[in-house]
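Colleague: I'd like to go over a predicted model; first the sequence, then the structure.
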Protein chains: 2
Amino acid sequence: MDLPVPTSTAEATPPARGEDALTALTTLVQDDLEACNRLIVERMQSPVVLIPRLAAHIVAAGGKRLRPLLTLAAARMAGYRGDRHVALAACVEFIHTATLLHDDVVDESALRRGQASANALFGNKPSVLVGDFLFARAFQIMVADGSLEVLRILSEASATIAEGEVLQLVIQNDTSSTEAQYLEVIEGKTAALFAAATEVGAVVAGRPTAEQAALRAYGHNLGVAFQLVDDALDYSAEQERLGKTVGDDFREGKITLPVLLAFARGDDAEREFWRRTVEDREQSEADLGTAIALMQKHRAFADTVARARDYGAAALHALSAFPDSAEKLALADIVEFCISRAR
Amino acid sequence: MDLPVPTSTAEATPPARGEDALTALTTLVQDDLEACNRLIVERMQSPVVLIPRLAAHIVAAGGKRLRPLLTLAAARMAGYRGDRHVALAACVEFIHTATLLHDDVVDESALRRGQASANALFGNKPSVLVGDFLFARAFQIMVADGSLEVLRILSEASATIAEGEVLQLVIQNDTSSTEAQYLEVIEGKTAALFAAATEVGAVVAGRPTAEQAALRAYGHNLGVAFQLVDDALDYSAEQERLGKTVGDDFREGKITLPVLLAFARGDDAEREFWRRTVEDREQSEADLGTAIALMQKHRAFADTVARARDYGAAALHALSAFPDSAEKLALADIVEFCISRAR
């Protein structure tokens, strides 16, 4: 996909681009992240050995830990100097992992991060149940932390994630779905946890409501941008480098912005193509190529990423509530990281 | 199945037997239960209409509300006069419903309470996700209630339920499983929520630790008794009156106490039968009848129910920590209700 060169986020130092931004953020909170990883491994244990075995497959399988990194950096940016944020970052990752396990069952995915998915390897049944376990365990960790405010934020996020996922099922295979419905889906399934992950950083630091709201806005907009780019990437060869298959969304008939834009901008024959392939799921080998060509013709990828840039700008704006710091710079660069994955 | 006539639970008034005990308990806390049912319907709403539609199918489909009834009666017996127990009873039912939705997906069940199961009617995908939603919603309600102690009890119960369910999968189709493993399964998948349901009654009433532990012990032992009888009922014609199919456990190769007893007491030829049918799941039409005959021959049903009676006695004993009251009498009679379902 052809994207403009990312513009600077207007810091004094040139922003770290792409993977470098993730590396920079990881390095900045390295000790916290290592403590978080230790806690994750410790708290996914159970006398029922299949649980840690299955959990290890997905938890330890080289995810980038983006959401817990956000919690850790947000707490530090908000001036927090204790270690409660480590446990809360682990909760965020447990909830994320639980949703991944359930998603892969729901999507019947065979691959996750370039490896066999847990459901492909262990079966759907333990994947559903270990997801439930990790979800419950996240709440146990929050209870031990003792903040009702954190519990409120993450239980609400969990309900919103499920609502987004169900709505995604409802509009699946329906080309008459609206952009508003699509946005509701990704705000639920992705942005809700990003927003909660960063908001708890302000909560644990005991910052006032305005800063809490600012960090929530940062996470929310970053999450929407992240998912928009993810949905564009699904049609990009870049996808294969990330260990995913190109065209999974297309084959499932998932309604994402690239599809909605190409459908809206297409002529009658093109709309017939989308109805046959996405709605009726009658697809031949050549159809994915045709879909990608139609999306390119109608600038569907470029406009999806442009939309992501708008949300990215809103995320950056939310950070302006905080004084300059290494964490703020790293969180700003992560916006570009999320968007420039699309190259 | 042939069972001795239930013995009296030694109250001055003769105990209500069977269904009567459930009716009596329901009548005793009727206002609370109606408030709880209203809250359940109110809090399962979502702008994503498939969620309340699917939830209504299972929540409103005539369950006996045994677990929330236990919370309501336990709180009243412990002297509680407010209305927080209504919300907590709704949480207990939401968690129970979430596990039912996921169980039916895991067991590939087509029937639940004599009707098409949610997964059969709506598909596995929304069943998994609506389960997640109800689980998250339960935690939102607990957070609004504001007791970290209640959150601790119900998050721990939720993790334990998942552990029990996973262990059940692990020992499934394995005739070398032990009684200890089987007990661990039912203590997890069933007794943990019964124990939590009654314990929160004492917590909301602000009772001392000893009474909290007594109500927990009551619920735990009642839950084990309930599941033992359930596992015997799965092989009984009585099952059909309850809207379930006879022999589901057998067809799935579930390891329950009747199977373990018949296997342990069987000769080589019988053990070969159990290995073929339960372990290898090679079953013909006649095999269920043979299984039931072998269980009867070895008194597997009678001894399973006798075991349930022992747990029932422990549940009754736990109630002795409380002064006599209408609620205490009703909770005592519920023990007999849970056991005498097996007739």
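Modeller: Now that the structure is in, tell me what you want to look at.

Colleague: wait, residue A:274 sits on residue A:266?
Modeller: Yes: taking contacts as CB atoms under 8 Å, residue A:274 lies within contact range of residue A:266: 6.8 Å. For the C-beta atoms, the positions are set from N, CA and C on the backbone; glycine is no exception.

Colleague: which residue comes closest to whichever residue of the stretch 201-343 of chain A sits closest to chain B once chain neighbours are left out?
Modeller: Using CB to the nearest CB, the single residue of the stretch 201-343 of chain A nearest to chain B is residue A:252, 10.9 Å away. Spatial nearest neighbour of residue A:252, chain neighbours left out: residue A:107 (6.4 Å); criterion: CB to CB, 6 or more residues apart in numbering or on different chains.

Colleague: try residue A:29
Modeller: residue A:72 (4.3 Å).

Colleague: need the residues of the stretch 1-150 of chain A near chain B, please.
Modeller: A:46-48, A:50-51, A:98-99, A:102, A:105-106, A:124-126, A:128-133, A:135-137, A:139-140, A:142-143, A:146, A:148 (CB under 8 Å from any CB of the partner chain).

Colleague: one more time with 7 Å
Modeller: A:46, A:48, A:50-51, A:102, A:105-106, A:125-126, A:128-130, A:132-133, A:135-137, A:139-140, A:143, A:146, A:148 (CB under 7 Å from any CB of the partner chain).

Colleague: residues near the residue nearest to residue A:29, how many?
Modeller: A total of 30 residues lie near residue A:72 under the criterion other CB atoms under 10 Å in any protein chain shown.

Colleague: thought it was touching residue A:83?
Modeller: No: applying CB atoms under 7 Å as the test, residue A:72 and residue A:83 come out as separate, 10.3 Å apart.

Colleague: circling back: was I right about the residue of the stretch 201-343 of chain A closest to chain B contacting residue A:109?
Modeller: No: if you go by CB under 7 Å, residue A:252 and residue A:109 don't touch, sitting 9.3 Å apart.

Colleague: strands of the stretch 101-250 of chain A, start to end?
Modeller: A:111-112, A:115-116 (DSSP state E, counting those that start in this stretch).

Colleague: quick one: buried residues of stretch A:313-327?
Modeller: A:314, A:315, A:316, A:318, A:319, A:321, A:322, A:327 (16 or more other CB atoms under 10 Å in any protein chain shown).

Colleague: list the buried residues of the one helix or strand residue A:261 maps to.
Modeller: Following DSSP states H and E, one finds residue A:261 within helix A:257-265. Going by neighbour count (16+ other CB under 10 Å), the buried part of helix A:257-265 is A:257, A:258, A:259, A:260, A:261, A:262, A:263, A:265.

Colleague: excluding its backbone neighbours, what's nearest the fifth one?
Modeller: It refers to residue A:261. residue A:300 is the one closest to residue A:261 (CB to CB, 6+ apart), at 4.0 Å.

Colleague: list the contacts of that neighbour.
Modeller: For residue A:300, the contact set (CB atoms under 7 Å, 6 or more residues apart in numbering or on different chains) comprises A:258, A:261, A:262.

Colleague: dump those residues into JSON lines; add pLDDT as well.
Modeller: Listed next are the contacts of residue A:300 as JSON lines, based on pLDDT from 0 to 100:
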{"residue": "A:258", "pLDDT": "97"}
{"residue": "A:261", "pLDDT": "98"}
{"residue": "A:262", "pLDDT": "98"}
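
Colleague: quick check, pLDDT for the residue of the stretch 201-343 of chain A closest to chain B.
Modeller: pLDDT recorded at residue A:252 is 91.

Colleague: number of residues surrounding it?
Modeller: 17.

Colleague: do the same with the one 4 residues further on
Modeller: Around residue A:256 sit 23 other residues, with neighbours defined as other CB under 10 Å.

Colleague: pLDDT wise, what is it at?
Modeller: At residue A:256, pLDDT is 97.

Colleague: nearest spatial neighbour of it, chain-adjacent residues omitted?
Modeller: Residue A:256 sits nearest to residue A:231 (CB to CB, 6+ apart), 3.8 Å away.

Colleague: where does the stretch 201-343 of chain A dip in pLDDT?
Modeller: Counting by pLDDT under 70, the ranges of the stretch 201-343 of chain A that qualify are A:242-243, A:342-343.

Colleague: which residues of it fall in helices?
Modeller: Counting by DSSP state H, counting those that start in this stretch, the stretch 201-343 of chain A has helices at residues A:209-233, A:238-241, A:248-252, A:257-265, A:268-274, A:287-297, A:300-319, A:326-340.

Colleague: format these as JSON lines; extra columns: distance to residue B:174.
Modeller: What follows is the helices of the stretch 201-343 of chain A, written out as JSON lines (distance: least, CB to CB, whole Å):
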{"stretch": "helix A:209-233", "distance to residue B:174": "41"}
{"stretch": "helix A:238-241", "distance to residue B:174": "40"}
{"stretch": "helix A:248-252", "distance to residue B:174": "35"}
{"stretch": "helix A:257-265", "distance to residue B:174": "46"}
{"stretch": "helix A:268-274", "distance to residue B:174": "49"}
{"stretch": "helix A:287-297", "distance to residue B:174": "44"}
{"stretch": "helix A:300-319", "distance to residue B:174": "50"}
{"stretch": "helix A:326-340", "distance to residue B:174": "46"}
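
Colleague: quick one: closest of those helices to residue B:210.
Modeller: The closest of the helices of the stretch 201-343 of chain A to residue B:210 is helix A:209-233. By CB to CB, the value is 40.9 Å.

Colleague: just checking, what packs against that closest one?
Modeller: Using 3 or more CB pairs under 7 Å, 6 or more residues apart in numbering or on different chains; DSSP states H and E as the contact test, the elements touching helix A:209-233 are helix A:192-204, helix A:257-265, helix A:300-319, helix A:326-340.
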